[in-house]
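S.K.: got a predicted structure here, sequence first:
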Amino acid sequence: MAKIHPTAIVEDGAQLGADVEIGPYVHIGRDVRIGAGTFVRQGAMIDGHTTIGEMCQIFPYALIGMKTQDLKYKEGSVSYVEIGDRTVVREFATVHLGTADGEKTIIGDDCLFMAYCHAAHGVILGNHVICSNSVQLAGDVHLQDWAIIGGCAASHQFCTVGMHAMVGGMSKIRQDFPPYMLGDMVEGSLKVIGPNVVGLTRRGFRREVIQALKEAHRFIYRDGLNRSQALDRVANDVEQFDEIKRLVAFYRNSQRGVS
């Protein structure tokens with residue numbers, strides 16, 4: 001049975017799973033569904049067609065399922081927010097609904113969305129994603145599984161950050177950022193420094209895979225080749241682990257270009 005503070009407002013129609021805790025002055029809209037074991041702390045507001053999974057933590061004054069800020073939104077459109085299991089949304093974070101009918105803003109399982117972060121319409125976070133304090137994600141940004149974005153970084157709309165990548169704080173993400181790589185701001189632009197060796201090691205990647213990623217980075221960024229030549233060299237001269245195949249495919253399939 002859900003535990004609801006007497007000052008909270010839970011509108012008729014909202015669905016709360018077993019052992020959900022709703023704190024003081026929380027507002028839950030009528031189309032919200034919250035999974036078992038999730039707690040929502042003081043002053044948070046969850047509205048719209050929003051689904052939150054099990055064992056999540058929603059901290060004070062987070063706003064989830066608010067109307068998009070996209071000026072293309074038309075009143076009456078029905079869009080969604082979906083948040084997976086065991087995800088943490090910290091204080092004052094905002095997660096907005098989509099713009100067009102049926103569009104979803106998605107945060108996956110086991111994510112950490114820290115204080116003051118913003119996910120605009122159509123943003124998709126995979127699983128195990130971390131957004132440090134005040135990360136700002138414009139519409140239709142995609143952060144793949146295990147990506148980490150440093151504090152106060154901001155992304156242009158439609159950009160993708162690849163799996164297991166780490167982007168440093170204060171970065172401006174203007175193009176897609178490759179999987180498995182580490183990036184930081186250099187002279188005003190986000191640059192790929194090299195493979196995310198520490199993160200990959202912590203997650204159990206084999207030494208030979210990390211070495212292959214180092215070789216790929218050298219071909220792409222240090223040997224003076226154009227991008228097409230570099231990718232051909234990676235595809236032909238680096239051992240073809242799955243990670244290398246994904247890396248090459250990421251560059252070749254990018255619609256915005258890769259940093």
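M.R.: That came through fine.
S.K.: neighbouring strands for the helix or strand of the chain with the lowest mean pLDDT, and are they parallel or not?
M.R.: Using mean pLDDT, DSSP states H and E, strand 181-186 stands out as the lowest-scoring helix or strand of the chain, at a mean of 93. Partners of strand 181-186 in the sheet, by DSSP bridges, are strand 166-167 (parallel), strand 189-195 (antiparallel).
S.K.: point out the most buried one among the ones you listed.
M.R.: strand 166-167 (a mean of 26; mean count of other Cβ atoms under 10 Å). Yep, even glycine has a C-beta here, placed from its N, CA and C like the rest.
S.K.: and the residue nearest to the spatial centre of the chain, what does it touch?
M.R.: With distances taken as Cα atoms, centre = their mean, residue 125 lies nearest the centre of the chain, 3.1 Å away. Residue 125 makes contact with 106, 107, 108, 111, 113, 119, 131, 143, 147, according to Cβ atoms under 8 Å, 6 or more residues apart in numbering.
S.K.: out of these, who has the most neighbours?
M.R.: residue 143 (31 neighbours; other Cβ atoms under 10 Å).
S.K.: hang on, isn't it packed against residue 161?
M.R.: Yes - with contact defined as Cβ atoms under 8 Å, residue 143 and residue 161 form a contacting pair (4.9 Å).
S.K.: returning to what we had before: buried ones in the least confident helix or strand of the chain?
M.R.: Residues of strand 181-186 classed as buried: 181, 182, 183, 185 (neighbour count, 16 or more other Cβ atoms under 10 Å).
S.K.: so which elements touch the longest helix along the chain?
M.R.: In the chain, with assignment by DSSP state H, the single longest helix is helix 207-221. Counting contacts by 3 or more Cβ pairs under 8 Å, 6 or more residues apart in numbering; DSSP states H and E, helix 207-221 packs against strand 189-195, helix 197-202, helix 227-237, helix 242-253.
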